[in-house]
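Student: make a model of this:
(one chain, ligands or ions: 1)
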Amino acid sequence: MSGAVPTVVLASGSRTRAEMLERAGVRVTLAPAAVDEEEIKLAARAEGAPVEDVAEALAELKAQRVTRKHPGALVIGADQMLECEGRWFDKPADRDAARAQLQDLRGKTHRLVSCAVVSRDGERLWHHVDRARLTMRPFSDAFLDSYLNAAGDDVLGSVGAYHLEGLGAQLFHRVDGDFFTILGLPLLPLLGFLRVHGVIAE
Ligand SMILES: Nc1nc2c(ncn2[C@H]2C[C@H](O)[C@@H](COP(=O)(O)OP(=O)(O)OP(=O)(O)O)O2)c(=O)[nH]1
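Tutor: Purely as a prediction, here's the structure:
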């Protein structure tokens, strides 16, 4: 293997994902992929596809879309889906949508499915899907409004309208699964792949 460390590109607009990788010691070039997720989700929904397949398809599409512009680089695409009792939830458009979404999720268990795909020069080299189960407390509307006031618009960029590592922790009764998967990336398996490819030390 040549001595040069491969360039790693993150095909994501997610600050959470960029920070996760940077804090874990992986230097990445940011190159968000312009993908119309809505159209793909609607088609997959119509076909009755499981959320795991949708997350994988979207992560792969983002990685493939960006590899063309970054020859030779390891390009990471990622996606996260939230499913609760058969319903799929997306990042809320605004505070009112976040409020309604959290009212739908409270007192129930939802699943987060996070997928990462790595492509190079248009070829998919690796992928990993991981799941987590999160049970929310049946909190009151008064609590919910105080949470939204304190959490602010930051949580609108998150599929569940919460940051588990922040005030979002107060929403939960129980969480089962990998912390990083919940934040949006199966980071530990991804670091294993990056070690094999000489990006970080074995
Ligand atoms: N900080 C934080 N972020 C979270 C948490 N749960 C989910 N997220 C974020 C990670 C992702 O940015 C977002 C998941 O939505 P997507 O997979 O559609 O990614 P996003 O649209 O942000 O970026 P991308 O599609 O990759 O360009 O939610 C959490 O507990 N904490």
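Student: residues near the closest residue to I200 other than its chain neighbours, how many?
Tutor: Closest residue in space to I200, ignoring its immediate chain neighbours: L194 at 5.3 Å, by C-beta to C-beta, 6 or more residues apart in numbering. C-beta coordinates here come from the backbone N, C-alpha and C atoms, glycine included. By other C-beta atoms under 10 Å, the residues close to L194 number 22.
Student: same for the least confident helix or strand in the chain by mean pLDDT, what does it pack against?
Tutor: Lowest by mean pLDDT, DSSP states H and E among the helices and strands of the chain is helix 37-47, with a mean of 92. Under the contact definition 3 or more C-beta pairs under 8 Å, 6 or more residues apart in numbering; DSSP states H and E, helix 37-47 sits against helix 51-67.
Student: so the helix it packs on versus helix 37-47, what angle?
Tutor: If you take axes from the mean of the first three to the mean of the last three C-alpha atoms, to 10 degrees, helix 51-67 sits at 150 degrees to helix 37-47.
Student: return the list of strands paired to the helix or strand just after helix 51-67, each annotated with direction.
Tutor: Next helix or strand after helix 51-67 toward the C-terminus (DSSP states H and E): strand 74-84. The strands that strand 74-84 pairs with in its sheet are strand 8-10 (parallel), strand 87-89 (antiparallel), strand 109-120 (antiparallel) (by DSSP bridges).
Student: could you list the low-pLDDT ranges of this protein?
Tutor: Residues of the chain meeting the criterion pLDDT under 70: 1-2.
Student: so which residues on it come close to the ligand?
Tutor: Within the chain, the residues that sit near the ligand (C-beta under 6 Å from any ligand atom) are 12-14, 16-17, 32, 78-80, 91, 157-160, 162-165, 168, 182-184.
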